[in-house]
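**Student:** Any chance you can model this:
(2 chains)
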Amino acid sequence: MDTAIKRISLLEAAGAGATIVLLQVDAAPSRIAPILAQNFRVLRYAVNDPEAASSTELAAALESQSTDPVGVIAGTAIAHVAFALMATRPELISALALLAPPVPDRAFAELKTPVLALFGTRALQPQIGRRLREAIASCHVMLVYDADDDMANQRPEAVAAALREFMLAGDRFLVTGKSGKLYP
Amino acid sequence: MKAALFSPMRYQGPSSGTGWPIPGTTYSVEAAEQSMRSSLAQFRFADEVGFDWVTVAEHHYSPFSLNPNPMLTAGALTQIVRRAKIALLGSTIPILNPIRVAEEFAMIDTMSGGRVIAGMLRGTPNEYVTYNINPAESRERFEEALALIVAAWTQTEPFGWQGRYYEYRTISIWPRPVQQPYPKIYMSGSSPESGEFAARNRVGLGFAFTNVPLAQKAAAHYRKQATRAGWTPTADDVIYRVLVHVADTDEQALDDMTNAMKNGPRTGLTMANRTLEGAVADAGYYGRDREEQRQRLMPRGLKESIDVGQVALGNPDTVLRQVERIGRDLGAGIIDFTIAHDMGDKTLHAIELLGTKVLPRMREMVF
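**Tutor:** Residues are numbered from 1 along each chain as shown, chains lettered A, B, ... in the order given. As a prediction, this is how the structure comes out:
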């Protein structure tokens, strides 16, 4: 356990490969982490006090685990910390995926980091895509059918599949690599 | 009440077999061209004599209908039907690419100046064989496809879709619907499950391949579920499709129809292949009142068909009485009159009688 960082603590490390940091507000088990761990080294962190947590603490957590930029996945309550890190230390993040994020209170112009925002169709706010892109013009928006903000628990296979492709390919995830061939 | 004219665009030439699918061995190019020209002329005439809608629908692999893609027909209709709304009742969305459906509806809405009616159907059971889609997944595919189509119409920023049956990385359709937020949607509602879904999603309900007693029960269920969902459907939320022929006298109408049924092509869809229908039924296609749903598809004699409201036949006064009964029993605001047999000039005369003698009095009926 990472006890050096007060509000952001490591819960679990699993898998091998490029590093993905999964931020969650509590220590509850994740249904997407085991799926992602099939392709990545997944570090699951609890952000114990999301309101008070800072990007400095998150940066320290990431730097303690990897010298390379890492993929970051964050839910609604922690998105502001991820946004803050992207504003101050973008070199630490290879790709940022957000589950039902609020619209950030700052605009990210000239952003090089690929960003994906997922929203459940059962809790879709009007014009959320437009408002999000006004702040992050390059942001990809993905709707997860038949889910709400708790999409990672409700449809873990679907959410993990989108995250996997995005973390592997960044902005190029728009181009599928899946084969359509039925038989040789 | 409003009136629509539906033609399945039946093939009027020689064909072999009475099952489904029908082989193309005796297919005549000339007969097919003539059949399509004749149907388009009927739609044009229906528009001229005052029909509120013209209706097309998707069916495959049979001379019953030369309309495997009603979007193409609707595209042609935008250029010859100047006033009436163009209803697609509908696209069989579980077997199609939903984004393509959303794009094509938006195209037709744009080409017609906002006159498209968007019917989204599950189709007859045989259609699942057409594109090799598992009928057991029909309802789930339908529900997701409809949600995706509405999202494609309403989301103004590019978005991806992570569904159960559909997956897209970015969607941003052009053109977009003229009607805002999107065209009126109808779905078929014979089964309780369909009525419940339609009520929850506030979409209209259409009845075809059924009869008035069964549709009455289904319409009541839909209204009850809508009340539970916090809204009240209007008469325009309920469409009933009825096969029709009108002549100057009852005797002439009966004579025309009897001859057409005797001499015309005798092909059907679902029940034309009982083995296939049974396999689709066993896959769970029909839902929780499976046997009732199957019974409504069974062929009936002409008199019984008239009695249960599947056929409206007679002189204009007789047909008006039959239509009034349907409207009253169902609270239906739109009657979709079906031309099942193309009888040439007799069919055009029937359309004229409907337009001049029946429709004006239908419009005064309120249920």
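**Student:** Helix, strand, or coil at the closest residue to chain A within the stretch 1-150 of chain B?
**Tutor:** Closest approach between the stretch 1-150 of chain B and chain A, counting by CB to the nearest CB: residue B:144, at 5.7 Å. Where you see a C-beta, it was placed from the backbone N, CA and C, and this is true even at glycine. The local conformation at residue B:144, judged by DSSP: H, G, I helix; E, B strand; the rest coil, is helix.
**Student:** Could you report the neighbour count for it?
**Tutor:** Around residue B:144 sit 22 other residues, with neighbours defined as other CB atoms under 10 Å in any protein chain shown.
**Student:** so what's the residue lying closest to it once chain neighbours are set aside up against?
**Tutor:** Computed as CB to CB, 6 or more residues apart in numbering or on different chains, the closest residue to residue B:144 that is not its neighbour in sequence is residue B:163, at 5.0 Å. By CB atoms under 8 Å, 6 or more residues apart in numbering or on different chains, residue B:163 lies in contact with A:145, A:146, A:158, B:144, B:148.
**Student:** Can you pull up the most central residue in the chain?
**Tutor:** In the absence of a named chain, chain A is used. Computing the C-alpha centroid of chain A and ranking residues by CA atoms, centre = their mean puts residue A:73 first, at 1.7 Å.
**Student:** could you do chain B instead?
**Tutor:** By CA atoms, centre = their mean, the mean C-alpha position of chain B lies nearest to residue B:89, the distance being 3.6 Å.
**Student:** Test my guess that that residue contacts residue B:185.
**Tutor:** No: under the criterion of CB atoms under 8 Å, residue B:89 is not in contact with residue B:185, lying 10.8 Å apart.
**Student:** so what's in contact with those two at the same time?
**Tutor:** Common contacts of residue B:89 and residue B:185, defined by CB under 8 Å, 6+ apart, comprise residue B:119.
**Student:** do you know how far the residue nearest to residue B:144 is from residue A:166?
**Tutor:** Residue B:163 sits 17 Å away from residue A:166, taking CB to CB, to the nearest Å as the criterion.
**Student:** Run the chain-centre distance for stretch B:168-176.
**Tutor:** Centre-to-centre, stretch B:168-176 and its host chain are 27 Å apart (CA atoms, centre = their mean, to the nearest Å).
**Student:** Pull the residues that contact that stretch.
**Tutor:** With CB under 8 Å, 6+ apart as the test, stretch B:168-176 has contacts from A:140, A:173-176, B:99, B:102-103, B:106-107, B:109-110, B:151-153, B:155, B:157-161.
**Student:** now do 7 Å
**Tutor:** Among residues not part of stretch B:168-176, those counted as contacts by CB atoms under 7 Å, 6 or more residues apart in numbering or on different chains are A:173-174, A:176, B:99, B:102-103, B:106-107, B:110, B:152-153, B:158-161.
**Student:** Quickly check the residues you listed for the two that are furthest apart.
**Tutor:** Greatest spatial distance in the contacts of stretch B:168-176: A:173 and B:110, 31.4 Å, computed using CB to CB.
**Student:** Among the two, which residue is more densely surrounded?
**Tutor:** residue A:173 (23 against 16).
**Student:** Could you measure from the closest residue in space to residue B:233 that isn't next to it in sequence over to residue B:277?
**Tutor:** Excluding the flanking residues, the one nearest residue B:233 by CB to CB, 6+ apart is residue B:226, at 5.2 Å. From residue B:226 across to residue B:277, the span is 31 Å (CB to CB).
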